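Student: Kindly generate the corresponding structure for this input.
(one chain, ligands or ions: 1)
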Amino acid sequence: MGSFYDKLAKAPQAFTFEDLILLPGLAEIEPWQVRLETKFSVNLELKIPFAAAPMDTVSEWQVGVALALKGGIAVIHRNMPREEQLEHVRRVKEHPPLKITNVYLEANVSCQAAREYMRELGLRTVPVVDRGGKFVGYAVYGLLENCKMVAEAVKPGKAYSVEEALKARKAVLNGEVDVAAILDSKGLLIGTLTVADALEDINPALDKSGRLVVGAAISPFDVERIKMLDGVADVLVVDVAHAHNRNVIESLKKVSKELTSDLVVGNIGSGEAAKDILASIENVAGFRVGIASGSICKTGEVVGVAAPTLYAVALVRDALEELGATNIPIIADGGIKGAGDAVKALAAGAWAVMCGRLFAGTDEAPAPLVRIGDKVYKPYRGMASRGALEKRWAMDRYSRRAKKVEEGVEGLVEYRGSIYRVIDELVEALKAALGYVGAKSIPELWRKARFAKLSPRGVQEIRPHSIHI
Ligand code: XMP
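Tutor: Residues are numbered from 1 along each chain as shown. Here you go, the predicted structure:
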């Protein structure tokens, strides 16, 4: 067994985001010149290094569309029947590569109600659909004064297919049309492009056919789900708490051979895990790294075992360097509180960061708003919390009740409004961070970053202090 004191003397420091700080370096560029292009997996390029975690209070198709439009990716959660998960993946893939809004009128509504609706939205023109959702033309505010039903006043007008989405954007920006109806191949309205949508600053992450990218969470044991999602989602992301597990590895070894989508394996928390997984599974296209750092995790507390995200990323990066496998992206997962943690994870060797809490409070996240007093919140819960586990067990016969331990909590996060704004803020702060380090790209950050250890007092000093806020 060896002497406890010898072991203690050799014990590493499992540092967390709060323990280390990045040191400034000579900046030869300004933050706006920083490029954040990266990869989520070997064959999947992103414009920004942000991914939404597969959690049932975070990642469904709306967050998937927003993340991909901004240049990142969401991994659609698996706490739902597999057909439903496939539908969320499809909705992202079929979405035009630009922001659109769910604004329309039905032909059988009264002209008065239509005028009120348009006044509220501040729109002069709105697409009109029939009962089946088929586009029939546009309602124009000024023409709705002397009619009973919208159907009487519908004006014909050009609608655009998904392939023509960029043309539609140009038409709206040039003022040729007020809004543009975007239709699917059957003529059904997918959404409406308004001026505000057209002005949204987007830089979409696209697949080789120009469609938005999206990931899907999988269990290594749910072969049917894997088969259904393979080739539809760009990347399949293994969604288990501890992938360095013989059963997980053996199962992945079998199922991974015929996959056409990239396979990201996780979560792992050590260099040995990366080595063992690569020794057994041929086509690993990425690692999801970090155990027990998540804001809703209680794994460390309940079982006393953890691999804090920053530390785990550094260990996995070292292992991949040793193996000469630095082409395999590392996704830092759990505990990212903002761009300050994201830049540290990237500097330690990650290619992208995965976030749950940061996106859970947004309009696009699936949970409903909760009002308490004069504050507004959204629910957020761990996928190993009681509520999430009960839903999974009730629905998915493949989920294994190997552990009867709750390793997550359920709670509320502050409502943060549009995810588009949240992503913009993260990106701006991350660019500023790279600017301080003096790096103009993520690969340059890997080379230039220098960490220093902070004392507990130092942690206090580098935050706002000695002031009432
Ligand atoms: P953040 O900090 O972004 O973390 O909220 C999201 C990540 O936390 C992990 N996760 C869990 N870990 N128990 C855990 O120990 C849970 O119930 C749980 N649910 C999610 C997961 O890696 C996610 O991406």
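Student: counting contacts, what elements does the helix or strand hosting Leu263 pack onto?
Tutor: Following DSSP states H and E, the helix or strand that holds Leu263 is strand 262-268. Strand 262-268 makes packing contacts with strand 38-41, strand 235-238, helix 246-256, helix 271-280, strand 284-289, strand 330-333 when contacts are defined by 3 or more Cβ pairs under 8 Å, 6 or more residues apart in numbering; DSSP states H and E. C-beta: built from backbone N, CA, C; applies to glycine.
Student: any residues touching the first one, and which ones?
Tutor: When you say that, I think you mean strand 38-41. 45-46, 48-49, 51, 73, 213, 215, 235, 262-264, 285-286, 329, 331, 351-352, 442 (Cβ atoms under 8 Å, 6 or more residues apart in numbering).
Student: how about the residues of the stretch 51-200 of the chain near the ligand?
Tutor: Contact residues (Cβ under 6 Å from any ligand atom) of the stretch 51-200 of the chain with the ligand: 53, 55.
Student: And the strands in the stretch 51-200 of the chain, which stretches?
Tutor: Applying DSSP state E, counting those that start in this stretch to the stretch 51-200 of the chain gives strands spanning 73-76, 105-106, 125-129, 135-140, 159-161, 180-183, 189-193.
Student: what's the spacing between the longest one and its chain's center?
Tutor: Between the mean C-alpha location of strand 135-140 and the chain-wide mean there is a distance of 34 Å, by Cα atoms, centre = their mean, to the nearest Å.
Student: again with the shortest one
Tutor: Shown here is strand 105-106, whose average C-alpha point lies 32 Å from the average C-alpha point of the whole chain (Cα atoms, centre = their mean).
Student: My guess is Gly382 contacts Val405. True?
Tutor: No: using Cβ atoms under 8 Å, Gly382 is not in contact with Val405, being 11.9 Å away.
Student: Look at the two and report which has more neighbours.
Tutor: Gly382 (24 against 11; other Cβ atoms under 10 Å).
Student: just to revisit the earlier point, return the members of the contacts of strand 38-41 classed as buried.
Tutor: By neighbour count, with 16 or more other Cβ atoms under 10 Å, these hold 46, 48-49, 51, 73, 213, 215, 235, 262-264, 285-286, 329, 331, 351-352, 442 as buried.
Student: so who does the closest residue to the ligand within the stretch 201-350 of the chain touch?
Tutor: Among all residues of the stretch 201-350 of the chain, Gly294 sits closest to the ligand, at 2.4 Å; criterion: Cβ to the nearest ligand atom. Taking Cβ under 8 Å, 6+ apart, we find Gly294 in contact with 53, 333-335, 356-357, 382, 408.
Student: just checking, which of those residues belong to helices?
Tutor: Arg357 (DSSP state H).
Student: Where is pLDDT lowest across the contacts of Gly294?
Tutor: On pLDDT alone, Gly408 ranks lowest of the contacts of Gly294, at 90.
Student: Distance of it relative to Gly137?
Tutor: 49 Å (Cβ to Cβ, to the nearest Å).
Student: Of these two, give the one with the bigger neighbour count.
Tutor: Taking other Cβ under 10 Å, Gly408 and Gly137 do not tie; Gly408 has more neighbours (22 against 18).
Student: Mind listing the residues bridging to that one?
Tutor: On the basis of DSSP bridges, Gly408 is bridged to Cys297.
Student: could I have the lengthiest helix in the chain exported to CSV, CA atoms only?
Tutor: Ordering each helix of the chain by length in residues (DSSP H) puts helix 419-437 first. What follows is helix 419-437, C-alpha atoms only, in CSV (Å, rounded to 0.1, in the frame of the first residue of the first chain):
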residue,chain,number,x,y,z
ILE,A,419,-28.7,34.0,-25.6
TYR,A,420,-27.4,36.0,-28.6
ARG,A,421,-26.4,38.8,-26.2
VAL,A,422,-24.9,36.4,-23.7
ILE,A,423,-22.7,34.8,-26.4
ASP,A,424,-21.7,38.3,-27.7
GLU,A,425,-20.5,39.2,-24.3
LEU,A,426,-18.6,36.0,-23.8
VAL,A,427,-16.9,36.4,-27.2
GLU,A,428,-15.9,40.0,-26.6
ALA,A,429,-14.5,39.2,-23.1
LEU,A,430,-12.6,36.2,-24.5
LYS,A,431,-11.1,38.3,-27.2
ALA,A,432,-10.0,40.9,-24.7
ALA,A,433,-8.5,38.1,-22.6
LEU,A,434,-6.4,36.8,-25.5
GLY,A,435,-5.4,40.4,-26.1
TYR,A,436,-3.9,40.7,-22.6
VAL,A,437,-2.0,37.5,-23.0
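Student: what phi and what psi does the backbone show at the residue of the chain most remote from its centre?
Tutor: With distances taken as Cα atoms, centre = their mean, the residue sitting farthest from the centre of the chain turns out to be Asn146, at 47.2 Å. Main-chain torsions, Asn146, degrees, to the nearest 10: phi -110, psi 40.
Student: Please tell me the pLDDT value assigned to it.
Tutor: In this model, Asn146 is scored at 87, pLDDT.
Student: separation between it and Cys111?
Tutor: For Asn146, the distance to Cys111 (Cβ to Cβ) stands at 8 Å.
Student: for Asp234, same thing?
Tutor: According to Cβ to Cβ, Asp234 and Cys111 sit 45 Å apart.
Student: With Ile423 instead?
Tutor: Noted for Ile423: a distance of 39 Å to Cys111, by Cβ to Cβ.
Student: Give me the neighbour count for the nearest residue to Glu425 once chain neighbours are set aside.
Tutor: Closest residue in space to Glu425, ignoring its immediate chain neighbours: Ala339 at 7.9 Å, by Cβ to Cβ, 6 or more residues apart in numbering. Neighbours of Ala339 under the rule other Cβ under 10 Å: 22.
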